[in-house]
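>>> what shape does this take:
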Amino acid sequence: MRRLEERLRALRLPSGVRWCPRRMTDRSRGRRWYAVRGSDAVRITVPVRVYRRDLRKVPEGAEDAAAHPIIERIKREAREERDLYPLSGRLIDYKKARKLTEPCTVVRLHGFRTPPLWMPGESNRVLRDSREVLLSVKLLFPPDWSDERVLDGVFTALDALRDVVRSVPRREILRTCRVVLDQRELRERMESGELTHEGRRVVALIGEGTRPARRFTDVRRHYRIAGPKPDPHIPFEVPEDEEAGLEPLELKLPWTGERRRFLPIYEGEMFAVAGANAQGKTTLINAIESGKDDHAPGDGREYVITVRRTARAEAGIKRMRGEDVSLFFRELPPGYEGTPENVRGLASGSMKMAAEIQRAVEEGARILFIDEDKAAVNLLVPGILTRRLEGIRTLVEVKDEITSRGVTIVAATGVLDDFTAAADRAIVMEEHRPKPLNLREFRARLARHHAELARRYSEAG
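Now for the predicted structure:
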């Protein structure tokens, strides 16, 4: 296949299109420049630069964001435009090629493994100085095509690609840049401690009108990259209740100039998202976690903005190889080797979750996400039997030790009323809408509930 690759490098390109400099393609050979003839397809990846005069106007720091609407326009056109069919894989009816043209509304992912999507990044961005957009183009041709026919197909596809690049309205490119820069500047202000409200540092913002629900596909299987769920979709309404500690934060966005209301989440607090089953609790905390990413207009989460250093703790099975769980366990249960500071053995759900929480705290996570539905209940709230038989210090009991170190706990809570009562502030999801939850009143109702239970159990003997 080297012969075809060499002929590709020497191929005359359409005007306004050129290969990347050799140093950029050879540095990661086999990824940015690739040509192979397989039994099912001829696969080609070539990095090209496409000239467009007005790319000089792209704001500095938004080079990847500027490439987003261009890539998405190419994806849409590739499903319909015959000359662009090699990008969609339709010439060979290649099902896996859907990932080449699957829409993606995320501009940049932070701390997430590379998804199987064509999206902005180091290999797909605007080069402001040369007024070009760098694109790593993947093409698929039928396996029986000759080299000459493949080369003709590459030329035709790149010619059509150039026209699509130049057809994207400049206002759409600049709008995406400004929205992404809004997110980045606010996130930077939160991470540096500059963004405060009511005298407290803010670590996450949930904007009015946020649409957190996601639509999953075979390619976009994770909530971080899944696209917005179509209607019906209930936008987030910032709850307001001074007694519940829910006071909106109104900000003028630095790049778009819009004024928007946010629900702030503070450093060093436990914030509970309570509610019954299927009311959107998990969906909302997933959206808050995805706020570490940059989202394009239309994603629905453009103005859910979160600091980057976050962690999530869940129950499950894990082989322990020296993890520290001393925050929760004073002594190890039977079946484990080592000490609470150095555990070895096959972990139970609570042991795994304890290790993940302690690691997050020690590694400096700013936000810790807990979902009651995926948690070990005996690690969350104390129980009479578990206290006597297991000797575990629960999350409710060590919460202050965690939050005093500046870690924020964001928890989805349901039936564990004691867990909800331990929060510093809370909202409750009702019919997929957030409502204020006055924890002082909630704790009083919970105390009466426990008193009534005590009376009933006492009478039952």
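
>>> could you use CA atoms for every contact and neighbour count after this?
Will do.

>>> can you list the low-confidence ranges for the stretch 251-400 of the chain?
Applying pLDDT under 70 to the stretch 251-400 of the chain flags residues 386-390.

>>> what ranges do the strands span in the stretch 251-400 of the chain?
259-266, 270-275, 294-295, 304-306, 310-313, 318-323, 337-339, 342-347, 367-371 (DSSP state E, counting those that start in this stretch).

>>> out of these, which is the most enclosed?
strand 304-306 (a mean of 30; mean count of other Cα atoms under 10 Å).

>>> from the chain's centre, how far out does that strand sit?
10 Å (Cα atoms, centre = their mean, to the nearest Å).

>>> for the strands of the stretch 251-400 of the chain, which one sits closest to residue 85?
Residue 85 lies closest, by Cα to Cα, to one member of the strands of the stretch 251-400 of the chain: strand 294-295, at 27.5 Å.

>>> got the contact list for that closest one?
105, 106, 107, 108, 109, 180, 183, 184, 301, 302 (Cα atoms under 8 Å, 6 or more residues apart in numbering).

>>> what about the residues you listed, which are in strands?
106, 107, 108 (DSSP state E).

>>> can you give me the strands for the stretch 101-250 of the chain?
Taking DSSP E, counting those that start in this stretch, the strands of the stretch 101-250 of the chain run over residues 106-108, 125-127, 132-141, 196-197, 200-207, 214-215, 227-228, 249-252.

>>> which of the ones you listed sits closest to residue 450?
strand 200-207 (33.8 Å).

>>> and the closest one, what other elements does it pack with?
Applying 3 or more Cα pairs under 8 Å, 6 or more residues apart in numbering; DSSP states H and E, one finds that strand 200-207 makes contact with helix 170-191, strand 259-266, helix 281-290, strand 304-306.

>>> as TSV, the strands of the stretch 101-250 of the chain with mean neighbour count and distance to residue 157 would be great.
Output for the strands of the stretch 101-250 of the chain, formatted as TSV (neighbours: other Cα atoms under 10 Å; distance: least, Cα to Cα, whole Å):
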stretch	mean neighbour count	distance to residue 157
strand 106-108	23	24
strand 125-127	25	19
strand 132-141	24	9
strand 196-197	16	51
strand 200-207	24	41
strand 214-215	18	31
strand 227-228	22	27
strand 249-252	14	43
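
>>> what's the closest of those strands to residue 163?
Comparing the strands of the stretch 101-250 of the chain against residue 163 with Cα to Cα, the closest turns out to be strand 132-141 (12.8 Å).

>>> how about residues contacting the closest one?
So strand 132-141 is contacted by 20, 32, 41-53, 55, 67, 86-89, 91-92, 100, 123-127, 150, 154 (Cα under 8 Å, 6+ apart).

>>> that one pairs with which strands, parallel or anti?
Here strand 132-141 is paired, per DSSP bridges, with strand 42-51 (antiparallel), strand 125-127 (antiparallel).

>>> what's the distance between the first one and the middle of its chain?
Looking back up the chat, that one is strand 42-51. 28 Å.

>>> helix or strand right after it?
Taking DSSP states H and E as the definition, the helix or strand that follows strand 42-51 towards the C-terminus is helix 63-78.

>>> adding distance to residue 63 and mean pLDDT, write the strands paired with strand 132-141 out as CSV.
Supplementary listing: those in CSV, determined by distance: least, Cα to Cα, whole Å; pLDDT from 0 to 100:
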stretch, distance to residue 63, mean pLDDT
strand 42-51, 14, 93
strand 125-127, 5, 96
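
>>> winner for burial among those?
Of the strands paired with strand 132-141, strand 125-127 is the most buried (mean count of other Cα under 10 Å), at a mean of 25.

>>> so what's the residue count around residue 217?
Here the number of neighbours of residue 217 (other Cα atoms under 10 Å) works out to 11.

>>> ok, back up a step: Serialize the contacts of strand 294-295 to JSON lines and add fields for distance to residue 368.
Shown next, in JSON lines, are the contacts of strand 294-295 (distance: Cα to Cα, whole Å):
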{"residue": "105", "distance to residue 368": "25"}
{"residue": "106", "distance to residue 368": "22"}
{"residue": "107", "distance to residue 368": "24"}
{"residue": "108", "distance to residue 368": "21"}
{"residue": "109", "distance to residue 368": "18"}
{"residue": "180", "distance to residue 368": "24"}
{"residue": "183", "distance to residue 368": "21"}
{"residue": "184", "distance to residue 368": "21"}
{"residue": "301", "distance to residue 368": "20"}
{"residue": "302", "distance to residue 368": "21"}
